[in-house]
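**Student:** Using only what follows, build the 3D model:
(chains A and B)
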Amino acid sequence: DVKVTQSSRYLVKRTGEKVFLECVQDMDHENMFWYRQDPGLGLRLIYFSYDVKMKEKGDIPEGYSVSREKKERFSLILESASTNQTSMYLCATETTSYGELFFGEGSRLTVL
Amino acid sequence: AQSVTQLGSHVSVSEGALVLLRCNYSSSVPPYLFWYVQYPNQGLQLLLKYTSAATLVKGINGFEAEFKKSETSFHLTKPSAHMSDAAEYFCAVSDRNGNKLVFGAGTILRVKS
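**Tutor:** Below you'll find the model as predicted:
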């Protein structure tokens, strides 16, 4: 079974802090994604990566950056957290079948 | 551009009743269509997918969905709801060129005993 592990399930941070959310997968998938989930808005794509060192902006990249130094690890970075970034963050990987994503359990971030 | 509309942010059914969750999509090319389910405090998992084979797709846990091109719909059904079906369900669409998945806003299913 594919396993996608997100390092933190729950985080509480202060406004202005730098936040790292890490995601590790164990199935050698090329494609990795970071989504943000908010009630009534579904999932919105922040960034994605199709290869090591490669990154592409999704639909809502403002205020976020990413890092992919190794194939299995994809990190989401909030350079200066703000209260409107309070949300559930989901990491996913993709097989070669378009759209078949495997998700981590999510990281719920609260910014005070 | 692709888009997905899920009708009804909340659906409530009695245990044993029919489950019907509605999804309409917009796509300029033949789509791939998906239903994902999210149980409380978990990530999403794939329920079923349509990729141009049979229009009636069967998934896990007794769910199925039918692709209707003329109606641009991909509604999710289950004949008899179980308490364990209580979750949030997301419809999603992608094109056949490898472009990223677009999700609907989600429908929360409540099952009453």
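
**Student:** tell me, what residue is most central in chain A?
**Tutor:** For chain A, residue A:34 is the residue whose C-alpha lies nearest the centre (CA atoms, centre = their mean; 2.9 Å).

**Student:** what's the spacing between that residue and chain B?
**Tutor:** Noted for residue A:34: a distance of 12 Å to chain B, by CB to the nearest CB, to the nearest Å. To be clear about C-beta, it is placed using only N, CA and C from the backbone, and glycine gets the same treatment.

**Student:** just residue A:27 next, same as before
**Tutor:** Noted for residue A:27: a distance of 14 Å to chain B, by CB to the nearest CB.

**Student:** repeat for residue A:29
**Tutor:** From residue A:29 to chain B the distance is 14 Å (CB to the nearest CB).

**Student:** excluding its backbone neighbours, what's nearest that residue?
**Tutor:** Distances taken as CB to CB, 6 or more residues apart in numbering or on different chains place residue A:93 nearest to residue A:29, at 4.0 Å, with adjacent residues excluded.

**Student:** State the mean pLDDT of the helix or strand containing that neighbour.
**Tutor:** Assigning secondary structure by DSSP states H and E places residue A:93 in strand A:87-94. When pLDDT is averaged along strand A:87-94, the result is 95.

**Student:** Given it, what are its sheet partners and their directions?
**Tutor:** Using DSSP bridges, the strands paired with strand A:87-94 are strand A:31-38 (antiparallel), strand A:101-103 (antiparallel), strand A:107-111 (antiparallel).

**Student:** Of these, flag the one that's most buried.
**Tutor:** Ranked by mean neighbour count, these are led by strand A:101-103 with a mean of 25 (mean count of other CB atoms under 10 Å in any protein chain shown).

**Student:** Which residues outside that strand are in contact with it?
**Tutor:** The contact list for strand A:101-103 (CB atoms under 8 Å, 6 or more residues apart in numbering or on different chains) reads A:2, A:4, A:25, A:27, A:29, A:33, A:90-95, B:36, B:43-46, B:101.

**Student:** What sits closest to whatever residue of chain B ends up closest to chain A if chain neighbours are left out?
**Tutor:** Closest contact between chain B and chain A, by CB to the nearest CB, is at residue B:43 (3.3 Å). Spatial nearest neighbour of residue B:43, chain neighbours left out: residue A:103 (3.3 Å); criterion: CB to CB, 6+ apart.

**Student:** Tell me the spacing between that neighbour and residue A:32.
**Tutor:** 11 Å (CB to CB, to the nearest Å).

**Student:** Do a quick rundown of the helices in chain B.
**Tutor:** Applying DSSP state H to chain B gives no helices.

**Student:** got any ranges where it has weak pLDDT?
**Tutor:** B:96-99 (pLDDT under 70).

**Student:** What are the neighbouring residues in contact with the residue most central in space within it?
**Tutor:** Centroid-nearest residue in chain B: residue B:35, 3.6 Å away (criterion: CA atoms, centre = their mean). Counting by CB under 8 Å, 6+ apart, residue B:35 touches B:21, B:23, B:46-49, B:59, B:63, B:65, B:74, B:76, B:89-92.

**Student:** Against chain A, which of the residues you listed make the cut? List them.
**Tutor:** B:46, B:49, B:90, B:92 (CB under 8 Å from any CB of the partner chain).
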